[in-house]
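**Student:** got a predicted model here, sequence first, then my questions.
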Amino acid sequence: MARLAVDNGYRTANNGTAWAYYSFVADYFDFNEYHTTSNFDTAMSYLRQKDENGNSKYYIIASCGSGLFTSGGHYIVLVADIDGTITVYDPYLYSGKFDTVSRRSANVTVSGNSVYVSEESFKTYANYKNFWIFSNDSGAGNTNTNTSNTNTVNYTRYVATQRLNLNVRSSPNGSVISSLKRGTQVTVTEINGDWSKISSPVQGWVSSSYLSSTAVTNSTSSTNYSTTVGAYYRLKSATTLYSNSNLTGTRYNYLAQTQIRVISHASATVDYIYCVKTGRYAYCSTSAFNTNKVTITGVKNTTGTYKRLANRTYLYSNSNLTGTRYTYLALTQVRIIRNVSSTVDYVYVVKTRQICLCEK
């Protein structure tokens, strides 16, 4: 979803996701229903609704300012409201988040990946700004008569990869049979989960995340960057990092020789980086980097790469390998999201789309 926002221009200059993104999402995935409101009671009237099997009929994305869920700006997902208690999926959930002097009064309960908060506490402490309401089209008891994962469509999209060509596969997650350059126009005829079937210029399946609804130029940028995306560097001296791409906003001070990884180029002179030791993402002037790349130390898995589990393995909800435990078989494919420590990774399980913690 983050890549879909970036590739279609819904990331704003101050590093926020534009509110207009959510109407785009509703159209892009063709939800049966979509609503938006800034009124808490209206939002809850949707969230309380259940189908005949007791499943939530709607999910809600909520934008929150500084308060219960964030010190800046943040999006969370409201997945249920049972007897006045809201179930929240918070994508920035960490141990002790709600055990601070400013948040204890909300009486939040955390279990595994879920956060439970009363309607009254949410209304008082969440500092909500807006709600985007989506029908639960794929849930059990869905009244949509199309029970297949595949939807027949017919529309034009454009390949929107950043650097590499887009692989065309024989089936979703199947073998590679061809590839397409950035900017290539394709005709989509079917949707199956995160995959799109195309009929031209070749036939096959491609990842929907790399398709744009607007034309994409195939020309390469002439900007000369002094750093390489994905490479590791060290800070030359004590350096200030920033929360905004124009080097404003919240400031973070880091010492000389701090190891960082370049995530993307914000401009010819500013990079979006990841601090290996603290796990922080921020913006930094490229003039602060030593020009020589470094080999990362103390980390066995590179962020962004795909791995397979060596054995039948337990994954966990907490970074200290406690909390809810999930069992996965040997050879399960995962993607490394973040190196939590020298022994633990934050991973995305490709098959189940679950995000959790795993011993390296």
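**Tutor:** It's in. Numbering: from 1, shown residues only.
**Student:** okay, now the unreliable bits of the stretch 1-150 of the chain?
**Tutor:** Within the stretch 1-150 of the chain, the stretches with pLDDT under 70 are 12-15, 138-150.
**Student:** which residues in it form helices?
**Tutor:** With DSSP state H, counting those that start in this stretch as the criterion, the stretch 1-150 of the chain has helices at 2-7, 21-28, 40-47, 119-125.
**Student:** for Asn107, find the nearest of these.
**Tutor:** helix 119-125 (6.1 Å; CB to CB). Using the backbone N, CA and C atoms, a C-beta is placed for each residue, glycine as well.
**Student:** need the helices of the stretch 1-150 of the chain in JSON lines (columns: mean neighbour count and distance to Lys236).
**Tutor:** Compiled in JSON lines, the helices of the stretch 1-150 of the chain are given as follows (neighbours: other CB atoms under 10 Å; distance: least, CB to CB, whole Å):
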{"stretch": "helix 2-7", "mean neighbour count": "16", "distance to Lys236": "29"}
{"stretch": "helix 21-28", "mean neighbour count": "17", "distance to Lys236": "37"}
{"stretch": "helix 40-47", "mean neighbour count": "17", "distance to Lys236": "49"}
{"stretch": "helix 119-125", "mean neighbour count": "17", "distance to Lys236": "42"}
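**Student:** I'd like these as a markdown table, with distance to Lys277 appended.
**Tutor:** Supplementary listing: those in a markdown table, determined by distance: least, CB to CB, whole Å:
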| stretch | distance to Lys277 |
| --- | --- |
| helix 2-7 | 23 |
| helix 21-28 | 32 |
| helix 40-47 | 39 |
| helix 119-125 | 32 |
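**Student:** residues in contact with stretch 35-47?
**Tutor:** Around stretch 35-47, the neighbours that count as contacts under CB atoms under 8 Å, 6 or more residues apart in numbering are 22-23, 56-58, 60, 62, 78, 80-81, 86, 119, 122-123, 128-133.
**Student:** may I see the PyMOL selection of the buried members of those?
**Tutor:** Buried residues among those (16 or more other CB atoms under 10 Å), as a PyMOL selection:
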select buried, resi 22+56+57+58+60+62+78+80+81+86+119+122+128+130+131+132+133
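**Student:** among the contacts of stretch 35-47, which lie within strands?
**Tutor:** 58, 60, 62, 78, 80-81, 86, 128-133 (DSSP state E).
**Student:** among those, which two are most distant?
**Tutor:** Spanning the widest gap among the ones in strands among the contacts of stretch 35-47 are Ala80 and Lys129, at 21.1 Å by CB to CB.
**Student:** residues near Asn53, how many?
**Tutor:** Applying other CB atoms under 10 Å, we find 9 residues neighbouring Asn53.
**Student:** distance-wise, check the residue of the chain positioned farthest from its centre relative to Ser243.
**Tutor:** Each residue of the chain has a distance to the centre, and by CA atoms, centre = their mean the biggest one is for Ser237: 31.9 Å. Note on Ser237: its distance to Ser243, by CB to CB, to the nearest Å, is 21 Å.
**Student:** ditto for Gln257
**Tutor:** Distance, Gln257 to Ser243, using CB to CB: 23 Å.
**Student:** those two: who's more crowded?
**Tutor:** Per other CB under 10 Å, whichever of Gln257 and Ser243 has more neighbours is Ser243, with 17 against 12.
**Student:** out of the helices of the stretch 1-150 of the chain, nearest to Gly72?
**Tutor:** Taking those one by one with CB to CB, helix 119-125 is closest: 15.6 Å.
**Student:** what sits up against the closest one?
**Tutor:** 40, 44, 67-68, 81, 84-86, 103, 105-108, 128.
**Student:** reformat those residues as TSV; add distance to Thr189.
**Tutor:** Listed next are the contacts of helix 119-125 as TSV, based on distance: CB to CB, whole Å:
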residue	distance to Thr189
Phe40	42
Met44	39
Gly67	45
Leu68	45
Asp81	38
Gly84	45
Thr85	43
Ile86	39
Arg103	49
Ser105	53
Ala106	48
Asn107	51
Val108	46
Tyr128	40
